[in-house]
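Peer 1: generate a structure from the sequence data that follows.
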Amino acid sequence: MVEFTGERVIPDQVNADLLNEHLARYVFAARMADGKRVLDAGCGAGYGAAEMARTAGRVVGIDRAADAVAFAREHYRAANLEFQKASCAALPFADGSFDLVAAFEIIEHLDHWREFLLEVRRVLAPGGQFLVSTPNRLYYTESRGGSGANPFHVHEFDFEEFRRELKMFFPQVAMYLENHTEGITFQPHPAGEGAELRVDAADGEPQDAHFFLAVCSDRPAAGRATFVYVPRAANVLREREHHIVLLDSEIVRKNEWLADAQRRHEELLARFAEQQQALEKSNRWAESLNRDLDERHARIQELQDEMAREQAAAHEMAEGYAAKVAALEADIQAKTQWAIDTETRLTAEVRHQTGELGKAVEALHHTEAELEERTKWALSLQDEVSRLGQLLALVRGSRWHRLGRKVNLGPELPAG
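Peer 2: Residues are numbered from 1 along each chain as shown. From the prediction side, this is the model:
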């Protein structure tokens, strides 16, 4: 869906006056397009190319905007009409391809309009005509009032500058002034055939014109007559009254919008005041942070100085420790050598003692063997004593021993 943004006119999205002032130029051009090859440079939504296709042999409309070309293809279809996406700065056509080129309200949109005029001259066949229009800079600026410059216009022209630029490329330039004019119609009902027209003779002033339209060619053109386009047979006063009603309702909506905008503006002011207070509070907090930061920086500097002193003392201490470590290492080395020498001596003594110990062990084994034999002999004697004690007890207790002692016969045995 193509929307009206102010860059190009979209039928059914603009009021009738705006559409008619654009369509009138194509009606003007259609009189010259009869049976011709026509290029509509900057065709926009395509309604103008379709108007010229009513009489032309073939019409090609080009536009740099893909959405505009798509809209034109969808809404305007005819066997002798086509639309292409292309740039006016580099027309994709061979030399002499067209008998008529129309470029309405395009030149003021171009950064390099002279290159465009060269391209038009190239694609025009000998004797071909170039129709070009642009708004009057003086009137257009005044009519926009507080709206400011049109953001889609790169360069706007006054009458003399426009004619001068065109004459640089085309020997013949016929200038026209396009304006809305007051008129009164007497139309039969039902509609009759033909029309009678009276235009009171009066020279228009270029500085007061709304638009300029030029017919350019390399050959002199036929006589120039005033052309009047009456787009509708209707009661203009009634349309204006209806339009006034619409404007009144629009004013009401705008007033409501302004009231809402005022309310939002006041809300924004209140929020701004709150933000200002918050900002002041933040600034005070930031200042306290800065002071704290300065104090911390000073403390850090003190700590760095203290660290430097401690590092110097540590370095001095490390040098003292290094000297002590060197002395200890020398002492340890001497003691290690003493330990090695002592170990060597003790090893030799142990080896000698080991030999003596072997002899002692051998003697001990011999003694142990002898002791074991003596122990066995002592045990055997003990057994013999026990046996003799038993035997002696038997003898003492025998009747024969007691009888012999009575008569003093036999040995006297010791008491058990």
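
Peer 1: name the nearest residue to residue 46, sequence neighbours excluded.
Peer 2: Nearest in space to residue 46, with sequence neighbours left out and distances taken as CB to CB, 6 or more residues apart in numbering, is residue 72 at 2.6 Å. Where you see a C-beta, it was placed from the backbone N, CA and C, and this is true even at glycine.

Peer 1: list the buried residues in the helix or strand that contains the one you found.
Peer 2: Element membership of residue 72 [criterion: DSSP states H and E] is helix 66-75. Residues of helix 66-75 classed as buried: 68, 69, 71, 72 (neighbour count, 16 or more other CB atoms under 10 Å).

Peer 1: tell me the contacts of the second one?
Peer 2: Okay, so that is residue 69. By CB atoms under 8 Å, 6 or more residues apart in numbering, the contact set of residue 69 is 43, 46, 61, 62, 63, 83, 84, 85.

Peer 1: in those residues, find the pair that's most separated.
Peer 2: Maximum pairwise distance among the contacts of residue 69 (CB to CB): 12.3 Å, between 46 and 85.

Peer 1: neighbour-wise, which of these two wins?
Peer 2: Ranked by neighbour count (other CB atoms under 10 Å), residue 46 and residue 85 place residue 46 first, with 26 against 14.

Peer 1: among the contacts of residue 69, which one lies nearest to residue 120?
Peer 2: Checking these against residue 120 by CB to CB gives residue 62 as the nearest, at 11.9 Å.

Peer 1: now do the helices in this structure.
Peer 2: Ranges of helices within the chain are 16-30, 47-52, 66-75, 113-123, 137-144, 159-167, 236-396, 399-406, based on DSSP state H.

Peer 1: so what's residue 306 scoring on pLDDT?
Peer 2: We have a pLDDT of 84 for residue 306.

Peer 1: what is the neighbour count of it?
Peer 2: Other residues within reach of residue 306, judged by other CB under 10 Å, total 10.

Peer 1: need the winner for burial among the helices of the chain.
Peer 2: Mean neighbour count (mean count of other CB atoms under 10 Å) peaks for helix 47-52 among the helices of the chain, with a mean of 24.

Peer 1: that helix - contacts with which helices or strands?
Peer 2: Packed against helix 47-52, as judged by 3 or more CB pairs under 8 Å, 6 or more residues apart in numbering; DSSP states H and E, are the following elements: helix 16-30, strand 37-41, strand 58-63, strand 81-85, strand 98-104.

Peer 1: what's the closest of the ones you listed to residue 381?
Peer 2: Of all these, strand 81-85 sits nearest to residue 381, with 143.0 Å by CB to CB.
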